[in-house]
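Participant: below are the sequence and a predicted model; questions follow.
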Amino acid sequence: MSQRETPFSRLVEQLGQTREELQSALADPDLASDRNRFAEVNRRWASLSDAFALVDRWHDASERAGEAREMLAEDDDPDIRALLREAEDELEQLEPSIREAMIEPDPNDDKDVIVEIRAAAGGDEAALFARDLMEIYARYAEQRSFKLEPLSTSPSDAGGLRDVTFAVKGTGAYSVFKHEAGVHRVQRVPDTESQGRIHTSTATVAVLPEVEDVDVQINQHDLRIDVYRSSGPGGQSVNTTDSAVRITHEPTGIVVSMQDEKSQLQNRERAMRVLRARLYEHALEEQNAEITAARRAQLGSGDRSEKVRTYNYPQNRVTDHRVGITVPLREQVLQGELGDITGALIAEERRLRLEEQAG
């Protein structure tokens, strides 16, 4: 006698179907010849292997509970009732464990990451804040033993950064930095403010998983590549050769410019890395309209009223509005200690995925 059907038992049944599909795929002799499919099937099998083992235990306990109920219908024996309680207790304990194990990690979590910071509302103060964010992330990357590689910088006249692009390399870099995407708002008194008034400025952060050539196929005929002389703050020329590179992907309109290196070849290679990452994200967004809407809502327009996090200097606090956590600004965040915020955001991500799974 099987246990009555419940939303959770249907979830277990779906997991069983997933296991059969993955086993069939793994047994396919053509799998090894498809590098992307081979990696995806093996990744999914590894991520769900614990769930499969727990489900086997769940089926065993469910069967024991069913047999005990059948025997109790004929004879109300205390020992059999104890066996039923034991099986039912095990089922109750297994359910949350299985739900947790069924949450598959983001397939991009282990990838390196490309981070783009742009000054938004607030002029020179926004550019100074963009520079501050860059320094915070550099310290955070160092604490996590990640390697940070600058790709492109566009300085402002006041010493800030109009925009900056850099890569963070290390296993799990994307899983850590992806939560930084969005509008960051700073509230402080600028050095140039003689009346002591607090100004509000913003910077936007975009976070892209860095991908290889095999992840994104780029037709070279779709690219328009322009070269020009690089320039510094105020537009003055800083190079006498045409070393700066601008690549336009004509089907999507995505444009990437690089000018930091003196070599045109190096600038082109860096631009292609960023282009691949943007095209990969573009493909993901096309596949899932909900992801597109979520990212647009996250990044927004850079207006002061939109934010995922506020850096309040007078009150020495940083508040992440997505999870409501507040930590010290100077003692933690400016030192690159973002672990408490990242941990809270990872926990919230898992909670939402569990909630979505239960629904």
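Facilitator: Looks like it came in fine. Numbering: from 1, shown residues only.
Participant: now tell me which helix or strand of the protein has the poorest mean pLDDT.
Facilitator: Ranked by mean pLDDT, DSSP states H and E, the weakest helix or strand in the chain is helix 289-299, scoring a mean of 47.
Participant: what element comes up after it heading to the C-terminus?
Facilitator: Going down the chain from helix 289-299, the next helix or strand is strand 309-312, by DSSP states H and E.
Participant: poorly predicted segments of this protein, please.
Facilitator: Scanning the chain for pLDDT under 70 picks out the ranges 1-5, 213-215, 231-241, 286-306, 356-359.
Participant: name the nearest residue to the residue nearest to the spatial centre of it, sequence neighbours excluded.
Facilitator: Residue closest to the average C-alpha location in the chain (CA atoms, centre = their mean): Lys178, at 3.1 Å. Leaving aside its sequence neighbours, Lys178 sits nearest to Val207 (CB to CB, 6 or more residues apart in numbering; 5.0 Å). Every residue, glycine included, has its C-beta placed from N, CA and C.
Participant: doesn't the one you found lie inside a strand?
Facilitator: Yes: per DSSP: H, G, I helix; E, B strand; the rest coil, Val207 lies within a strand segment.
Participant: wait, it sits on Ser175?
Facilitator: No: using CB atoms under 8 Å, Val207 is not in contact with Ser175, being 10.7 Å away.
Participant: who has more neighbours, these two?
Facilitator: Val207 (23 against 19; other CB atoms under 10 Å).
Participant: just grab the bridge partners of the more buried one for me.
Facilitator: Val115 (DSSP bridges).
Participant: domain assignment for the protein?
Facilitator: Split into domains by automatic domain parsing, the chain comes to 7-101, 113-351.
Participant: so where do the helices sit in the stretch 151-300 of the chain?
Facilitator: For the stretch 151-300 of the chain, the helices defined by DSSP state H, counting those that start in this stretch occupy 173-177, 264-287, 289-299.
Participant: which SS class is Glu349?
Facilitator: When the rule is three-state DSSP, Glu349 gets the label helix.
Participant: list the contacts of it.
Facilitator: His179 (CB atoms under 8 Å, 6 or more residues apart in numbering).
Participant: go again using 6 Å as the cut-off
Facilitator: Glu349 makes no contacts at all, as judged by CB atoms under 6 Å, 6 or more residues apart in numbering.
Participant: and it, how far from Arg131?
Facilitator: Applying CB to CB, to the nearest Å, one obtains 29 Å for the distance of Glu349 from Arg131.
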